[in-house]
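> Fold the following and give me the result.
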Amino acid sequence: MKITVLGSGAWGTALALLLLENGNDVTLWSYTEEESAVLRDTHENPMLKGVPLPEGLKLTTDMAAVKGCGLVVVATPSFAVRSTAKQLRELADPGTILVSVSKGIEKDSSLRLSQVIEEEVQGRCPVVVLSGPSHAEEVGRKIPTGVVVASEDLAVAEQVQDLFMNQRFRVYTSDDKIGTEICAALKNIIALCAGCCDGMGYGDNTKALCTLFETCNPVMGGYHDKITEELFKDGVSPNYLAMHQAGLFGGAYEFTEEGWPIEKRTAYHMSISKEIINCFNEMYPDKPLKVSGLPDANEMIEKGLEAILKPLG
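Numbers count the residues shown, from 1 in each chain. Presented below is the predicted three-dimensional model:
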């Protein structure tokens, strides 16, 4: 099948190599000519050191490469998914399967990324989600990996499964797009928290503690108690709550943006938390989560940050 992978980062490149290995006609699209030139000249993606790019992999910066494709993989950064999908609406053939492999929630809309694509392509193409516990560098090195392809239409999911799966890359199918995308977004928050624990010199016990149910109850003057009450009243799994709380805990130690003051980092995670609540409401529309009295960033810092930092020294 003719396939274009949009996004030549580590994940997009690894999936392009996998699809090429499976016998498909694959083109890897880069956002800039400079990025594409590096791949062409070095036959390697600097994000996937030691993984050679074969001659059969086509490289381009022309989005028109999606024309005539049976499948297009959207592997751009999450912030670029909407602008990419807008171009797909004009360029992709009707019926082309679009596979969203980016993780996250759109900042301004709180939409899942597959929803962003669906909103832009306006029903012209089916949109499925591919996600799972998978490091791009390990997929590139052909280490056994398992992922999920999710679509409301299982027949479409099975088509995508057939294209991606081989002896070392196991693909399961699901009709739960919401769960697949939400778990993918939330695990990144937990991963940040775990990485911060490592950076602070703590061990596995502390990382486990961060995902326990009561870890963050002191934060923000009872904010989590309100969430706890509402979630369990409506029968939501405690696993979801534990992930949510771990995400807020990680907010106090999120150092991915060098130079950000602690107030900005914490407020950023507060905004993510509100988006997560919106996602809960989408998953449980008959029993919406309503949490009154959400503090603003300043109140959160004043009431909660000291409570987190003091016990950890």
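> residues contacting Leu15?
5, 73, 75, 101, 139, 164 (CB atoms under 8 Å, 6 or more residues apart in numbering). Heads up, the C-betas are built off the backbone N, CA and C, glycines and all.
> from the residues you listed, which ones fall inside strands?
Among these, the residues falling in strands (DSSP state E) are 5, 73.
> Leu28 reaches Val5, doesn't it?
Yes. If you go by CB atoms under 8 Å, Leu28 and Val5 touch, sitting 5.1 Å apart.
> what residue ranges in the chain score low on pLDDT?
210-313 (pLDDT under 70).
> go again using 50 as the cut-off
Within the chain, the stretches with pLDDT under 50 are 213-272, 291-298, 300-313.
> Return every residue with contacts to both of Leu28 and Val5.
12-13, 16.
> looking at those, which has the most residues close by?
For the shared contacts of Leu28 and Val5, neighbours were counted using other CB atoms under 10 Å, and Ala16 has the most, 29 neighbours in all.
> and it, what element?
helix 10-21 (DSSP states H and E).
> pull the CA atoms of that helix into CSV?
Provided in CSV are the C-alpha atoms of helix 10-21 (Å, rounded to 0.1, in the frame of the first residue of the first chain):
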residue,chain,number,x,y,z
ALA,A,10,11.8,9.6,16.3
TRP,A,11,8.3,8.0,16.4
GLY,A,12,7.3,8.9,12.9
THR,A,13,10.6,7.6,11.5
ALA,A,14,10.4,4.4,13.5
LEU,A,15,6.9,3.7,12.2
ALA,A,16,7.9,4.6,8.7
LEU,A,17,10.7,2.0,8.8
LEU,A,18,8.3,-0.6,10.2
LEU,A,19,5.8,0.0,7.5
LEU,A,20,8.5,-0.2,4.8
GLU,A,21,9.8,-3.4,6.3
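> The stretch 101-250 of the chain: strands as residue ranges?
127-131, 145-150, 169-174 (DSSP state E, counting those that start in this stretch).
> Of those, which is nearest Cys183?
Comparing these by their distance to Cys183 (CB to CB), the top pick is strand 127-131, with 7.7 Å.
> what's the closest one in contact with?
With CB under 8 Å, 6+ apart, strand 127-131 has contacts from 73, 97-101, 103, 114, 117-118, 121, 147-151, 156-157, 160, 164, 171, 177, 180-181, 183-184.
> Let's see which of these end up in helices.
Per DSSP state H, helices hold the following members of these: 114, 117-118, 121, 156-157, 160, 164, 177, 180-181, 183-184.
> which among these gets closest to Ala80?
Among these, and counting by CB to CB, the member closest to Ala80 is Ile117, at 11.6 Å.
> Test my guess that that closest one contacts Leu98.
Yes. Using CB under 8 Å, Ile117 is in contact with Leu98, at 5.9 Å.
> Need the residues touching each of these two.
Joint contacts of Ile117 and Leu98 (CB under 8 Å, 6+ apart) are 74, 85, 88, 127.
> what's the closest non-adjacent residue to Glu181?
Arg112 (4.4 Å; CB to CB, 6 or more residues apart in numbering).
> Next, count neighbours for the one you found.
Counted with other CB under 10 Å, Arg112 comes out at 24.
> and it, what does it touch?
By CB under 8 Å, 6+ apart, the neighbours of Arg112 are 105-106, 177-178, 181-182, 185, 279.
> Just the buried ones among the residues you listed, please.
105-106, 177, 181-182, 185, 279 (16 or more other CB atoms under 10 Å).
> out of those, what pair is the most spread apart?
Farthest pair in those, by CB to CB: Glu106 and Lys177, 15.0 Å.
> ok, Lys67 touching Pro94?
No. Judged on CB under 8 Å, Lys67 makes no contact with Pro94 at a distance of 11.6 Å.
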